[in-house]
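Participant: Need a 3D model of the sequence below.
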Amino acid sequence: MGTSNFFATISRMKYIERWALMRNSRPENLSEHCLEVAMIAHVLCTIGNVRYGKELDAEKAALVGLYHDASEIITGDMPTPVKYYNDEIKSAYKEVEKVAEGHLLERLPEDLRGEYEKIFKPDDDPNEKYMRKLVKAADKLSALIKCIEEKNAGNSEFRTAEESTRKSIEEMTVFYPEVKDFVQEFLPPYGKTLDELSQ
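Facilitator: Next comes the predicted model:
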């Protein structure tokens, strides 16, 4: 049995810095972001199951969240204004991401690859599709949390990013009650001091 460099490659997420075009009061790396997305995706699915009678795989959502930006180890972090500038660039970047994910999966032993493809590649099950939409929502919520933290640190650089991200999330709350619940219950304490959170 030979060696596999999949996890050694994945561990390099900690070297990929996000928000590269903006001045940060505290840099955020891809590992931190993916952990936060995983936790939020998990709770969004849990809310869906407990409160709205859904049958979502919260544990899988957490895994999808952990790996959702793994392709950026190869591609780097493409700034959002560039990635979504127009449909042509958006489509081309999605293809680049797909190729990068394929290269990552090829680094796994063949007998394990199928299990990890289930994380990287969606299937046609409606619950799976809905779950992956909540992972995307978790990604947006993580971005908003970063904007809130930067604003509270006195950094106005993230002001317009916060406005546009809040707008995207507000649009999501119409279709995803799980997101609305998170925004109402869990988002307000972000940015509070440790003393305030301990009260």
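Participant: which secondary element of the chain has the worst mean pLDDT?
Facilitator: Sorting the helices and strands of the chain by mean pLDDT, DSSP states H and E puts helix 80-83 at the bottom, at a mean of 60.
Participant: in this protein, which ranges drop under the pLDDT threshold?
Facilitator: 1, 76-85, 93 (pLDDT under 70).
Participant: which helix of it spans the most residues?
Facilitator: Longest helix in the chain, counting residues (DSSP state H): helix 126-152.
Participant: Tell me the helices and strands packed up against it.
Facilitator: helix 30-52, helix 58-67, helix 159-175, helix 177-185 (3 or more Cβ pairs under 8 Å, 6 or more residues apart in numbering; DSSP states H and E). Yep, even glycine has a C-beta here, placed from its N, CA and C like the rest.
Participant: In JSON lines, list these along with mean neighbour count and distance to Asn24.
Facilitator: Formatted as JSON lines, the helices and strands packed on helix 126-152 follow (neighbours: other Cβ atoms under 10 Å; distance: least, Cβ to Cβ, whole Å):
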{"stretch": "helix 30-52", "mean neighbour count": "20", "distance to Asn24": "12"}
{"stretch": "helix 58-67", "mean neighbour count": "21", "distance to Asn24": "22"}
{"stretch": "helix 159-175", "mean neighbour count": "14", "distance to Asn24": "11"}
{"stretch": "helix 177-185", "mean neighbour count": "18", "distance to Asn24": "24"}
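Participant: Now do the contacts for the residue nearest to the spatial centre of the chain.
Facilitator: Among the residues of the chain, Asp139 comes closest to the average C-alpha position under Cα atoms, centre = their mean, at 3.2 Å. Residues in contact with Asp139 (Cβ atoms under 8 Å, 6 or more residues apart in numbering) are 37, 65, 68.
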